[in-house]
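S.K.: sequence plus the predicted model coming up.
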Amino acid sequence: MALLSVIIPSYNEESNIKNTAKVLTSILDKANIDFELLFISDGSQDDTYDTILEVAEENKRVKGAEFSRNFGKEATIFAGMELALGDCCVVIDCDLQHPPEVIPEMYELWLEGFEVIEGMKSDRGKEGLFHKLFVTLFYNTMSKLIKIDMNASSDFKLLDRKVMNVLLGLTEKNTFFRALTFWAGFKSTTVSYEVKERQFGESKWSFFSLFKYAISNTTSFTTLPLQIVTFLGIASILFSFLIAIQTLVQYFSGKAVEGFTTVILLILIIGGFIMLSLGIIGHYIARIYEEVKGRPKYIIRQYTDNIRGNVIGK
Ligand code: UDP
Ligand code: MG
């Protein structure tokens, strides 16, 4: 029988682990699916890992690993795929905002031969206005840039072993899981679900971390901003050309002092464009620098005995 690995990124989720394990176990048992639950504690500061150990003690299908520090959700997904023994895997949030009842539905589609089953949000659930605005803006831009509808997509998806191996084989360190499965292709389909409210604990995203996430994902998926730099350069040269003509005309008609405004404007505009461009280029250089260093995506500090092999990081 095929094995399904459920990957559960968990960062300071001590209040959720037990409930999540229970709910997933009962749903998957009812659907007659052979599974393992992989809780990856992302360097949690609370008792997340101890709780995982406790649950694993009672339920042999529960496995867990803990990072040496917080590496981010992306890293936990990749660690989960690395440690998974399954013929397919599903990634689900520890707070069960992704409804676990959808997993059997995804699994059915997998049995029918689909290799990527994307969970699509039918609505985004309760989010603050500011959060919503920012997320919508980010995903709309991303969708345009990479030509994939990102607005409804999420990390909640089921992947066939083939797709997992493709993703695990990528050498890049800065990944964007949500978009990578679209990039990978394969026979895919979608399942829509409604985002639920978080029962315990609170969301780990601050505005600043979301902003960082947006920048890092944009630069890891498209080089369009670099081309915008060129465009801005050309635009400012054309603009300067017009101003140059105006300045010369004023000079020859003896009204040169007025041009002072123009000088200030020019310095501001060109200076602004240059700094913006340097900033964008800087982001890509930082990206290259990080990739060149070739450090692992994550470091595993410890894991439960029932997990396979001695995987230390990738
Ligand atoms: N998460 C993680 N590492 C982090 C932040 C979050 O593994 O640095 C996990 C978290 O435990 C949860 C999932 O990612 O299972 C989604 O996080 P959260 O619920 O805080 O985000 P939201 O649902 O508000 O987007
Ligand atoms: Mg959540």
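M.R.: Structure received. Numbers count the residues shown, from 1 in each chain. Ligands and ions are numbered 1, 2, ... in the order given.
S.K.: C-alpha from now on. contacts and neighbour counts both.
M.R.: Fine.
S.K.: residues contacting residue 66?
M.R.: 40-43, 49, 300-303 (C-alpha atoms under 8 Å, 6 or more residues apart in numbering).
S.K.: quick check on those: which are buried?
M.R.: Among these, those classed as buried by 16 or more other C-alpha atoms under 10 Å are 40-43, 49, 300, 302-303.
S.K.: contacting residues for residue 189?
M.R.: In this structure, residue 189 makes contact with 114, 116-118, judged by C-alpha under 8 Å, 6+ apart.
S.K.: can you lay out those as TSV showing neighbour count and pLDDT?
M.R.: Listed next are the contacts of residue 189 as TSV, based on neighbours: other C-alpha atoms under 10 Å; pLDDT from 0 to 100:
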residue	neighbour count	pLDDT
114	19	92
116	29	91
117	24	91
118	24	87
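S.K.: out of those, who's nearest ligand 1?
M.R.: Nearest to ligand 1 among the contacts of residue 189 is residue 118, at 16.6 Å by C-alpha to the nearest ligand atom.
S.K.: near ligand 1 too, which of the contacts of residue 66?
M.R.: residue 42 (C-alpha under 6 Å from any ligand atom).
S.K.: using JSON lines, lay out the contacts of residue 66 together with pLDDT and secondary structure.
M.R.: Compiled in JSON lines, the contacts of residue 66 are given as follows (pLDDT from 0 to 100; DSSP: H, G, I helix; E, B strand; the rest coil):
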{"residue": "40", "pLDDT": "94", "secondary structure": "strand"}
{"residue": "41", "pLDDT": "93", "secondary structure": "strand"}
{"residue": "42", "pLDDT": "91", "secondary structure": "coil"}
{"residue": "43", "pLDDT": "88", "secondary structure": "coil"}
{"residue": "49", "pLDDT": "90", "secondary structure": "helix"}
{"residue": "300", "pLDDT": "90", "secondary structure": "strand"}
{"residue": "301", "pLDDT": "88", "secondary structure": "strand"}
{"residue": "302", "pLDDT": "86", "secondary structure": "strand"}
{"residue": "303", "pLDDT": "87", "secondary structure": "strand"}
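S.K.: chain center to stretch 248-261, what's the gap?
M.R.: In terms of C-alpha atoms, centre = their mean, to the nearest Å, the gap separating the centre of stretch 248-261 from the centre of its chain is 54 Å.
S.K.: before we move on, what about stretch 268-275?
M.R.: Its chain's C-alpha centre and that of stretch 268-275 lie 32 Å apart, by C-alpha atoms, centre = their mean.
S.K.: which residues touch it?
M.R.: 232-233, 236.
S.K.: nearest to ligand 1 among those residues?
M.R.: Distance to ligand 1, by C-alpha to the nearest ligand atom, is smallest for residue 232 among the contacts of stretch 268-275, at 34.0 Å.
S.K.: I'd like the distance between that closest one and residue 32.
M.R.: As judged by C-alpha to C-alpha, to the nearest Å, residue 232 and residue 32 stand 58 Å apart.
S.K.: of the two, who's got more company?
M.R.: For residue 232 versus residue 32, neighbours defined as other C-alpha atoms under 10 Å are more numerous around residue 232 (17 against 10).
S.K.: now the contacts of residue 66 as TSV including distance to residue 287?
M.R.: Converted to TSV, these look like this (distance: C-alpha to C-alpha, whole Å):
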residue	distance to residue 287
40	26
41	26
42	22
43	23
49	31
300	23
301	26
302	29
303	30
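S.K.: out of the contacts of residue 66, who's nearest ligand 1?
M.R.: Of all the contacts of residue 66, ligand 1 sits closest to residue 42, with 5.1 Å by C-alpha to the nearest ligand atom.
S.K.: and the residue lying closest to residue 177 once chain neighbours are set aside, what does it touch?
M.R.: Counting by C-alpha to C-alpha, 6 or more residues apart in numbering, residue 177 lies nearest to residue 74, which is 6.6 Å off, once chain neighbours are set aside. Contacts for residue 74 (C-alpha under 8 Å, 6+ apart) come out as 175-177.
S.K.: just curious, which of these is nearest to ligand 1?
M.R.: residue 177 (12.5 Å).
S.K.: now residue 10: how far from ligand 1?
M.R.: Residue 10 sits 3 Å away from ligand 1, going by C-alpha to the nearest ligand atom, to the nearest Å.
S.K.: what is the residue nearest to that residue when sequence neighbours are not counted paired to in the beta sheet?
M.R.: Spatial nearest neighbour of residue 10, excluding adjacent residues (C-alpha to C-alpha, 6+ apart): residue 41 at 4.8 Å. For residue 41, the beta-bridge partners are residue 10, residue 66 (DSSP bridges).
S.K.: if you count neighbours, what's buried in the helix or strand where residue 29 lies?
M.R.: Secondary structure assignment for residue 29, by DSSP states H and E: helix 17-30. Using 16+ other C-alpha under 10 Å as the test for burial, helix 17-30 gives 17-21, 24-25, 27-28.
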